[in-house]
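Participant: starting from these lines, generate the structure:
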Amino acid sequence: MTTTTRNLRSDYLSGEASLQPFYQYAPQHPDFASIAADKSTDTIDRELLAAVIAEQYGDLDKGDAVTRNLQRLSQDNSYTITTGHQLVLFGGPLFTVYKILSVIKLAEKLSAEGKNVLPVFWIHTEDHDFEEINHYYQDFQTKRTYTGSFRTQVGAHVLEPSIESLRPAGFPAQLSGSYRPGIEMKQAFREFIHHLFGQYGLLILDADDPRLKAKFSGIITRELSDHFSNEWVSQTSAQMAEAGYSNQISPREINLFYLDAEGRNRIVAQKGGYQVLGRELFFEPAEMLRLAHEHPDRFSPNVSLRPLYQEMILPNLAYIGGWGELAYWLQLRGLFDEVGVNFPLLLPRISGTIFTESQAKSWKDLGFDLMAIRKPLHQLYDQYLPQVWDASAFEGYESKILALLDALEGYVKTDVSATLARSADALSTKTRHFLENLEKKAGKIKREQHREPFDQIRTLKQQIEPDGLVQERTLSLASFAEWIPIDDFIAFLYREGDPLSLEHRCWVMATP
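Facilitator: Presented below is the predicted three-dimensional model:
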């Protein structure tokens with residue numbers, strides 16, 4: 001068993017051979033015509049899918065772009081590009097926006113080439129970890145939290161009056177009004193995302209629908225009877241670990257939850273039947289299998305099975321997500337092969353750090369390229385230090401001292417005693433450490449003597465991406481709404497984002 005942990009991200013982007021068994025299509029220059037030909041062998045009910053999505057919009061004005069894309073989706077030659085996310089409050093961290101723009105832009109690119117490809121946003125209404133989605137960050141220090149009472153799946157939570165006090169300043173009324181007391185969180189999230197991206201034709205899907213889950217009932221029944229997903233996901237996970245990659249998820253014996261108005265609870269095999277953990281619910285095998293056939297909506301797949309459910313109901317060519325998501329998708333390759341469902345192309349979402357024009361100018365005037373903002377502050381200090389201190393004289397003295405110590409050690413070893421040479425070696429090691437610390441202290445003094453540029457480095461770093469934080473994983477739409485209109489901000493990200501760039505970028509944004 002190998003003990004080396006390989007870098008999955010770099011290996012995936014470079015096409016490293018050790019990772020290739022765990023995906024079907026390489027991310028570099030993908031052949032979407034070939035992927036579509038493979039996906040066409042899966043049986044997908046496109047008309048039902050389009051009808052369910054249309055129905056889920058309810059009284060919400062879908063607009064021309066969404067209406068047109070729903071019609072396109074119902075056609076036999078339609079395909080999708082999909083991403084998904086939890087019902088994060090007021091849009092959550094910026095990377096949620098980046099995921100959505102990734103599917104929109106890639107679908108547009110492929111449609112411009114003559115393919116019928118639609119962008120889909122899968123909203124995770126069945127999740128039950130309220131603590132993950134009940135907040136957003138106004139800035140890097142200010143976390144705003146909604147304290148509503150939670151009972152079951154997050155999508156069914158009815159917003160309470162306290163939500164009104166959390167509406168971000170700078171949001172237009174229609175957008176902030178998506179979150180209002182008395183409506184379910186899944187409705188609020190749908191309205192919010194639609195107000196932002198409906199003009200681009202984004203199709204929002206809540207897969208918690210009995211008609212769609214009926215397409216998955218065969219897998220539900222097999223999972224209950226044979227616990228088969230655990231075997232295949234564990235097998236692929238073990239192979240990935242052997243190849244040197246860390247596992248992102250750990251499958252359970254049964255990778256299903258029982259879902260109803262009272263909760264979303266794990267199903268476990270016990271006493272010859274099925275126990276719903278945390279509930280006084282026990283089902284005999286025949287009763288549980290009958291329930292899976294008649295009421296598949298009572299079952300909710302966990303992370304080990306949800307991607308399979310997605311690919312069984314969508315004519316999907318590619319899934320776009322963060323690196324953590326892509327890592328656990330790779331653990332599922334064997335499961336997809338076992339059930340004969342096409343494994344999609346996996347692409348990393350758009351990723352970027354935003355500078356204002358003034359921030360970018362100040363940063364470049366300091367001598368840094370924009371990507372340097374991702375370095376820790378102490379490395380930035382070290383990089384700038386030569387501009388205020390020429391350390392060559394110090395380094396010259398250091399070299400002379402160490403050379404004399406090396407000569408002394410050699411002399412003692414050859415002309416005096418090999419045993420005594422160990423003392424000379426210890427003195428040399430101690431002196432090296434002393435000189436390293438002395439140089440650090442000298443550098444610190446020089447920084448104090450030239451404080452202004454180092455203060456500027458620290459200030460810009462804290463504004464844009466402080467140590468230990470990532471801008472796109474912390475800041476939200478609310479972080480920008482007070483000084484740039486949201487529609488303009490989305491339009492800027494739409495222009496700058498490239499769904500096939502695969503690497504992190506830095507963007508400079510003009511401000512009003």
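Participant: in terms of helices and strands, where is Arg252?
Facilitator: Arg252 is part of no helix or strand when elements are defined by DSSP states H and E.
Participant: again, but for Trp363
Facilitator: Using DSSP H and E, Trp363 sits within helix 357-365.
Participant: right, and the helix or strand after that helix?
Facilitator: For helix 357-365, the following helix or strand on the C-terminal side (DSSP H and E) is helix 377-384.
Participant: what pLDDT, on average, does that next one get?
Facilitator: Mean pLDDT, helix 377-384: 96.
Participant: tell me the contacts of Ile267?
Facilitator: Contacts of Ile267 were listed using Cβ atoms under 8 Å, 6 or more residues apart in numbering, and they are 224, 254, 256-258, 274-277, 299. Every C-beta, even on glycine, is put in place using the N, C-alpha and C of the backbone.
Participant: just these now: which is nearest Gln235?
Facilitator: Ile254 (16.8 Å; Cβ to Cβ).
Participant: surely the closest one and Gln270 touch.
Facilitator: No: with contact defined as Cβ atoms under 8 Å, Ile254 does not reach Gln270; the gap is 10.5 Å.
Participant: which stretches of the stretch 51-200 of the chain form helices?
Facilitator: 63-73, 94-112, 173-176, 185-197 (DSSP state H, counting those that start in this stretch).
Participant: hmm, I typed the wrong one, I wanted the stretch 401-512 of the chain.
Facilitator: Under DSSP H, counting those that start in this stretch, the stretch 401-512 of the chain gives helices at 418-449, 451-464, 471-474, 478-481, 486-496.
Participant: make a markdown table from those helices and add distance to Val52, mean pLDDT and mean neighbour count to it.
Facilitator: Output for the helices of the stretch 401-512 of the chain, formatted as a markdown table (distance: least, Cβ to Cβ, whole Å; pLDDT from 0 to 100; neighbours: other Cβ atoms under 10 Å):
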| stretch | distance to Val52 | mean pLDDT | mean neighbour count |
| --- | --- | --- | --- |
| helix 418-449 | 61 | 88 | 13 |
| helix 451-464 | 42 | 97 | 16 |
| helix 471-474 | 31 | 97 | 19 |
| helix 478-481 | 32 | 95 | 22 |
| helix 486-496 | 27 | 95 | 16 |
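Participant: give the contact list for the residue nearest to the spatial centre of the chain.
Facilitator: Computing the C-alpha centroid of the chain and ranking residues by Cα atoms, centre = their mean puts Gly322 first, at 3.0 Å. With contact taken as Cβ under 8 Å, 6+ apart, Gly322 is in contact with 95, 99, 348-349.
Participant: repeat for Pro251
Facilitator: By Cβ under 8 Å, 6+ apart, the neighbours of Pro251 are 229-230, 233-234, 237, 304.
Participant: any idea whether the residue nearest to Gly15 when sequence neighbours are not counted is helix, strand or coil?
Facilitator: Spatial nearest neighbour of Gly15, chain neighbours left out: Ala26 (5.8 Å); criterion: Cβ to Cβ, 6 or more residues apart in numbering. The three-state assignment at Ala26 reads coil, by DSSP: H, G, I helix; E, B strand; the rest coil.
Participant: what's the neighbour count on Ala26?
Facilitator: 14 (other Cβ atoms under 10 Å).
Participant: for Asn255, see how far away it is.
Facilitator: 28 Å (Cβ to Cβ, to the nearest Å).
Participant: quick check: chain neighbours aside, which residue is closest to Gly155?
Facilitator: The nearest residue in space to Gly155 (Cβ to Cβ, 6+ apart) is Thr125, at 2.7 Å.
Participant: can you read off the backbone torsions of the one you found?
Facilitator: phi -70, psi -20 (degrees, to the nearest 10).
Participant: mind listing what it touches?
Facilitator: Taking Cβ under 8 Å, 6+ apart, we find Thr125 in contact with 87, 153-156, 186, 206, 208.
Participant: give me the lowest-pLDDT entry from those residues.
Facilitator: Ranked by pLDDT, the contacts of Thr125 bottom out at Gln153 (88).
Participant: show me what contacts it?
Facilitator: 125-128, 208, 259, 264, 300.
Participant: between those, which sits nearest Val470?
Facilitator: Asp127 (22.1 Å).
Participant: let me know whether the closest one touches Val154 as I believe.
Facilitator: Yes: contact criterion Cβ under 8 Å: Asp127 and Val154 qualify, at 5.4 Å.
Participant: quick one: common contacting residues for the two?
Facilitator: Common neighbours of Asp127 and Val154 (Cβ under 8 Å, 6+ apart) are 86-87, 133.
Participant: export those residues to CSV and tack on distance to Trp483 and neighbour count?
Facilitator: Conversion of the shared contacts of Asp127 and Val154 to CSV gives the following (distance: Cβ to Cβ, whole Å; neighbours: other Cβ atoms under 10 Å):
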residue, distance to Trp483, neighbour count
Gln86, 27, 18
Leu87, 27, 27
Ile133, 26, 21
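Participant: which one of those residues is nearest Phe343?
Facilitator: Nearest to Phe343 among the shared contacts of Asp127 and Val154: Gln86, at 23.5 Å, using Cβ to Cβ.
Participant: as a check, name the ranges of all strands in the stretch 251-400 of the chain.
Facilitator: Assigned by DSSP state E, counting those that start in this stretch, the stretch 251-400 of the chain shows strands spanning 256-260, 263-270, 273-276, 281-283, 299-301, 316-321, 345-348, 352-356.
Participant: can you list contacts of stretch 491-506?
Facilitator: Stretch 491-506 is contacted from outside by 13, 27-28, 97-98, 101-106, 109, 200, 320, 347-355, 370-371, 373-374, 507, 509, using Cβ under 8 Å, 6+ apart.
Participant: over to stretch 20-32?
Facilitator: 12-13, 15, 34-35, 38, 110, 115, 117, 236, 239-240, 243, 317-318, 330-331, 333, 342-348, 502.
Participant: which among the contacts of stretch 491-506 end up buried?
Facilitator: 13, 27, 97-98, 101-106, 109, 200, 320, 347-355, 370, 373-374, 509 (16 or more other Cβ atoms under 10 Å).
Participant: check the gap between Ser246 and Pro348 for me.
Facilitator: In terms of Cβ to Cβ, Ser246 sits 17 Å off from Pro348.
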